[in-house]
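**Q** Requesting a structural model of the entry that follows:
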Amino acid sequence: MRVIAGTARSMPLRCIEGLDTRPTTDRIKETLFNMLQREIPGCRFLDLFGGSGAIGIEALSRGADFAAFAENNKKAYECILDNLAFTRLADRSRVFFMDALGALRVMEGDGPFDLIFLDPPYGRGMEREVLAYLEHSGLADEDTTIILETDLKEDTSWISGFGFTISKEKRYKTNRHLFIERMRGTND
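**A** Numbers count the residues shown, from 1 in each chain. This is a model prediction of the structure:
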């Protein structure tokens with residue numbers, strides 16, 4: 001696993017051993033960032049369920065002004081810190097050693113993120129909890145794009161019930177990225 005483009009291009013990233021995390025492959029990461037290339041420069045990026053931090057680090061390397069990470073696995077949290085230090089991107093980031101909802105609560109009031117990336121463990125419903133929180137949060141506004149990585153078979157018909165809509169979907173062999181936006185006129 002490596003940084004694909006930007007200031008930290010080709011730098012290798014560490015990831016933890018075992019099945020606790022599912023690193024996004026370089027090919028999928030490259031496709032995702034090609035789709036986001038216009039939105040990354042100058043953005044505020046949130047990487048929930050951070051794993052190795054590869055997605056948020058890629059955003060920083062490509063010109064994001066700031067990235068926040070949330071990870072509650074101690075080894076993965078330390079891996080994110082190591083990867084940020086190694087890529088020299090730590091000064092534009094903040095890493096929370098807590099679950100996604102805890103990190104969202106701590107950041108409330110800091111203003112909206114431009115891009116929020118969610119890659120929760122599949123099949124546990126954690127993405128529902130996050131979108132339920134973001135429905136009434138100042139961390140996501142009408143200009144925020146939420147990218148949810150999920151397996152191909154996951155039912156996502158519930159998303160509109162939280163005031164969001166799927167604007168785009170990119171399918172891969174075993175998973176997909178859903179691009180989610182707030183329905184216009186639903187922000188509290």
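
**Q** pLDDT below threshold where in the chain?
**A** Along the chain, the parts satisfying pLDDT under 70 run over 18-23, 185-188.

**Q** show me where it has strands.
**A** Here the chain has its strands, by DSSP state E, at 44-48, 66-70, 93-96, 115-118, 145-151, 164-171, 175-182.

**Q** And the contacts of the fourth one?
**A** The reference is to strand 115-118. 36, 39-40, 43-49, 55-56, 59, 64, 100, 127, 130, 134, 139-140, 144-149 (Cβ atoms under 8 Å, 6 or more residues apart in numbering). To be clear about C-beta, it is placed using only N, CA and C from the backbone, and glycine gets the same treatment.

**Q** Mind checking which of the residues you listed are buried?
**A** 36, 39-40, 43-49, 55-56, 59, 64, 100, 127, 130, 134, 139-140, 144-149 (16 or more other Cβ atoms under 10 Å).

**Q** now stretch 48-60, how far from the chain's geometric center?
**A** From the chain centre to the centre of stretch 48-60 is a distance of 7 Å (Cα atoms, centre = their mean, to the nearest Å).

**Q** The residue nearest in space to the middle of the chain and residue 42: what is the separation?
**A** In the chain, the centroid-proximal residue (Cα atoms, centre = their mean) is residue 117; its distance is 2.0 Å. Between residue 117 and residue 42 the distance is 17 Å, computed by Cβ to Cβ, to the nearest Å.

**Q** And for residue 106?
**A** Distance check for residue 106 against residue 42: by Cβ to Cβ, it reads 24 Å.

**Q** again with residue 152
**A** 33 Å.

**Q** Same check on residue 148?
**A** Distance, residue 148 to residue 42, by Cβ to Cβ: 23 Å.

**Q** Return the distance of residue 153 relative to residue 162.
**A** According to Cβ to Cβ, residue 153 stands 21 Å off from residue 162.

**Q** So for the two, which residue has more residues nearby?
**A** residue 162 (18 against 10; other Cβ atoms under 10 Å).

**Q** show me where the protein has helices.
**A** Remark: helices assigned in the chain by DSSP state H are 26-36, 54-61, 74-86, 100-107, 126-134.

**Q** Out of these, which is the most enclosed?
**A** Using mean count of other Cβ atoms under 10 Å, the stretch among these with the greatest mean number of neighbours is helix 54-61 (a mean of 28).
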